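>>> quick one: sequence plus predicted model below, questions after.
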Amino acid sequence: MKHNLLKLILLYGVAMLVGTTIITGCNGIKGAPKVTQSDTGQAALETYVPPGKLDGKYLVSLNKTGKDGQHLNVGPMQSKSLQLIDISGPKMKLLYDAFTDPETHFAQIIPANKLNPIEVYPKAENKNPKAIWDPKEAKIVSNGKNVEVYMTAVMSNFAPNTIEMNKGDKVTMYITNIQQEQDESHGFAIDEYNMNVVIEPGETKTVEFTANKQGVFPFYCTVFCSPLYEEMQGNLLVKGSNSAMSVK
């Protein structure tokens with residue numbers, strides 16, 4: 001049972017059964033067939049099946065009003081109910097009952113055999129001319145007020161890990177996650193510049209900003225990639241026009 005539930009993708013909002021069954025809540029669509037909610041539910045539920053073939057054996061019921069006493073009452077905002085129901089037989093069977101907070105807005109079920117996600121972007125398919133694949137190729141290129149940073153991200157370091165520029169420079173960073181292993185995404189964040197991007201394995205991301213704040217600003221990985229991921233960091237040094245600041 002748990003294995004089957006893990007195969008379902010549940011997103012809040014409109015409840016759909018592979019785009020064919022929509023749960024409309026208590027106010028439903030006139031003329032739609034009525035079904036009875038499980039014993040844990042409070043209200044009658046209506047479903048509307050558009051023209052076409054029904055695909056699947058399960059239905060997600062998003063219940064706005066949660067007054068059945070199953071949850072701990074901790075204030076005016078009541079928990080809402082999300083239920084997974086087996087509709088393959090003559091009677092509905094409740095398989096999973098959970099609470100959502102604060103609202104039940106959207107849910108969608110997709111059979112696992114219809115999913116074919118990308119797990120790693122192959123290096124051979126990365127056609128970005130700014131991508132580099134060896135930390136030894138990392139570099140900073142300054143041309144007047146324009147600065148280009150060619151960076152690699154790999155467990156667990158950035159190269160270069162120190163970036164110097166002058167205040168007012170326009171910065172373009174090309175960050176390539178050079179790993180080709182599954183689930184080895186990396187993040188790149190600079191808090192003071194309100195920046196946070198995720199670079200998937202084999203992907204190159206371009207980040208642009210103007211260095212309008214003077215000082216030393218740490219950048220770091222925001223995705224857990226290894227036990228050493230907290231060491232995946234560096235410094236952005238933004239110097240004033242007459243500054244002699246440096247980072248060792």
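It's in.
>>> would residue 192 count as being in a strand?
No - counting by DSSP: H, G, I helix; E, B strand; the rest coil, residue 192 is located in no strand; its state is helix.
>>> could you find the closest non-adjacent residue to it?
Leaving aside its chain neighbours, residue 192 sits nearest to residue 217 (4.7 Å; criterion: CB to CB, 6 or more residues apart in numbering). To be clear about C-beta, it is placed using only N, CA and C from the backbone, and glycine gets the same treatment.
>>> phi, psi for the one you found please.
Per-residue torsions, residue 217: phi -120, psi 120 (degrees, to the nearest 10).
>>> what count of nearby residues applies to it?
The tally of other residues near residue 217 (other CB atoms under 10 Å) stands at 18.
>>> beta partners of it?
In this entry, residue 217 is beta-bridged to residue 236, by DSSP bridges.
>>> count of residues packed around residue 118?
Using other CB under 10 Å, the number of residues around residue 118 comes to 10.
>>> separation between the residue lying closest to it once chain neighbours are set aside and residue 137?
Sequence neighbours aside, residue 200 is the residue nearest to residue 118 in space, at 7.9 Å (criterion: CB to CB, 6+ apart). Residue 200 sits 20 Å away from residue 137 when distances are taken as CB to CB, to the nearest Å.
>>> who's more crowded, these two?
residue 200 (18 against 14).
>>> show the pLDDT at the more buried one.
Here the pLDDT value assigned to residue 200 is 96.
>>> show the backbone phi and psi for it.
Dihedral pair for residue 200: phi -80, psi 160, per degrees, to the nearest 10.
>>> wouldn't it be in contact with residue 175 here?
No - Residue 200 lies out of contact with residue 175 (CB atoms under 8 Å); the separation is 11.3 Å.
>>> where does the prediction get shaky in this protein?
Low-confidence segments of the chain (pLDDT under 70): 1-55, 64-71, 101-105, 241-248.
>>> same thing but 90
1-85, 87-92, 96-117, 156, 225-230, 240-248 (pLDDT under 90).
>>> where do the helices of it begin and end?
Along the chain, the stretches classed as helices by DSSP state H are 2-6.
>>> output stretch 164-177 as CSV - backbone C-alpha positions only.
Extracted C-alpha coordinates of stretch 164-177, given in CSV (Å, rounded to 0.1, in the frame of the first residue of the first chain):
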residue,chain,number,x,y,z
GLU,A,164,36.7,40.0,-6.9
MET,A,165,35.1,43.0,-8.7
ASN,A,166,34.5,46.7,-8.3
LYS,A,167,31.4,48.3,-7.1
GLY,A,168,29.1,49.1,-10.0
ASP,A,169,30.4,46.2,-12.2
LYS,A,170,27.9,44.2,-14.2
VAL,A,171,28.5,40.6,-13.5
THR,A,172,27.5,37.5,-15.5
MET,A,173,28.2,34.1,-14.0
TYR,A,174,28.1,30.9,-15.9
ILE,A,175,27.8,28.1,-13.4
THR,A,176,28.0,24.5,-14.6
ASN,A,177,27.3,21.5,-12.4
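>>> check which residues of that stretch are buried.
Buried positions in stretch 164-177, judged by neighbour count with 16 or more other CB atoms under 10 Å: 164-166, 169, 171, 173-177.
>>> nearest to residue 188 among the residues you listed?
Nearest to residue 188 out of these is residue 175 (CB to CB; 5.6 Å).
>>> show me what contacts the closest one?
Residue 175 sits next to 151-153, 158, 188, 197, 199, 204-207 when contact means CB atoms under 8 Å, 6 or more residues apart in numbering.
>>> repeat that with 6 Å
The contact partners of residue 175, taken as CB atoms under 6 Å, 6 or more residues apart in numbering, are 151, 153, 188, 199, 205.
>>> what about the nearest residue to it once chain neighbours are set aside, neighbour count?
Spatial nearest neighbour of residue 175, excluding adjacent residues (CB to CB, 6+ apart): residue 151 at 4.6 Å. Residue 151 has 28 neighbours, counted by other CB under 10 Å.
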